[in-house]
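S.K.: Pasting the sequence and the predicted coordinates here, then a few questions.
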Amino acid sequence: MKLLWILAYLLIFVPVGIFFRVFRDPLRRKLQPELSTYWDFHERPL
């Protein structure tokens, strides 16, 4: 049963996380351009 939860997690949350990661950044840049450099600095590792 635990394996089922792990598979469900990988199939649902990982693609959703990638989707939000890819599409949230351009949207946020349009909506809050003054914060984009702040977010980029804090969210992206060097």
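M.R.: Perfect, I can see it now.
S.K.: Neighbours of D25, how many?
M.R.: The burial count assigned to D25 is 15, neighbours taken as other Cβ atoms under 10 Å. Every C-beta, even on glycine, is put in place using the N, C-alpha and C of the backbone.
S.K.: show me where pLDDT drops low in the chain?
M.R.: When residues are selected by pLDDT under 70, those of the chain lie in 26-46.
S.K.: ok, longest helix in it?
M.R.: Under DSSP state H, the helix in the chain containing the largest number of residues is helix 2-31.
S.K.: Give the other helices and strands that that helix contacts.
M.R.: If you count contacts as 3 or more Cβ pairs under 8 Å, 6 or more residues apart in numbering; DSSP states H and E, helix 2-31 packs onto helix 33-43.
S.K.: picking up where we left off before, can you point out the buried residues in the longest helix of the chain?
M.R.: Neighbour-count burial for helix 2-31 flags no residue at all (criterion: 16 or more other Cβ atoms under 10 Å).
S.K.: Send over stretch 11-31 as PDB, restricted to the C-alpha atoms.
M.R.: Presented in PDB, the C-alpha positions along stretch 11-31 are these (Å, rounded to 0.1, in the frame of the first residue of the first chain):
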ATOM      1  CA  LEU A  11       2.800  10.800 -10.700                       C
ATOM      2  CA  ILE A  12       0.900  13.700  -9.300                       C
ATOM      3  CA  PHE A  13       3.000  16.000  -7.300                       C
ATOM      4  CA  VAL A  14       6.200  15.900  -9.300                       C
ATOM      5  CA  PRO A  15       4.600  17.000 -12.600                       C
ATOM      6  CA  VAL A  16       2.500  19.600 -10.800                       C
ATOM      7  CA  GLY A  17       5.600  20.900  -9.100                       C
ATOM      8  CA  ILE A  18       7.500  21.100 -12.400                       C
ATOM      9  CA  PHE A  19       4.500  22.700 -14.100                       C
ATOM     10  CA  PHE A  20       4.200  25.400 -11.500                       C
ATOM     11  CA  ARG A  21       8.000  25.900 -11.500                       C
ATOM     12  CA  VAL A  22       8.000  26.500 -15.300                       C
ATOM     13  CA  PHE A  23       4.800  28.500 -15.700                       C
ATOM     14  CA  ARG A  24       4.700  30.500 -12.400                       C
ATOM     15  CA  ASP A  25       8.000  32.300 -13.000                       C
ATOM     16  CA  PRO A  26       7.000  34.100 -16.300                       C
ATOM     17  CA  LEU A  27       3.600  35.000 -14.800                       C
ATOM     18  CA  ARG A  28       5.200  36.400 -11.700                       C
ATOM     19  CA  ARG A  29       7.700  38.300 -13.800                       C
ATOM     20  CA  LYS A  30       4.800  40.000 -15.600                       C
ATOM     21  CA  LEU A  31       2.700  40.700 -12.500                       C
END
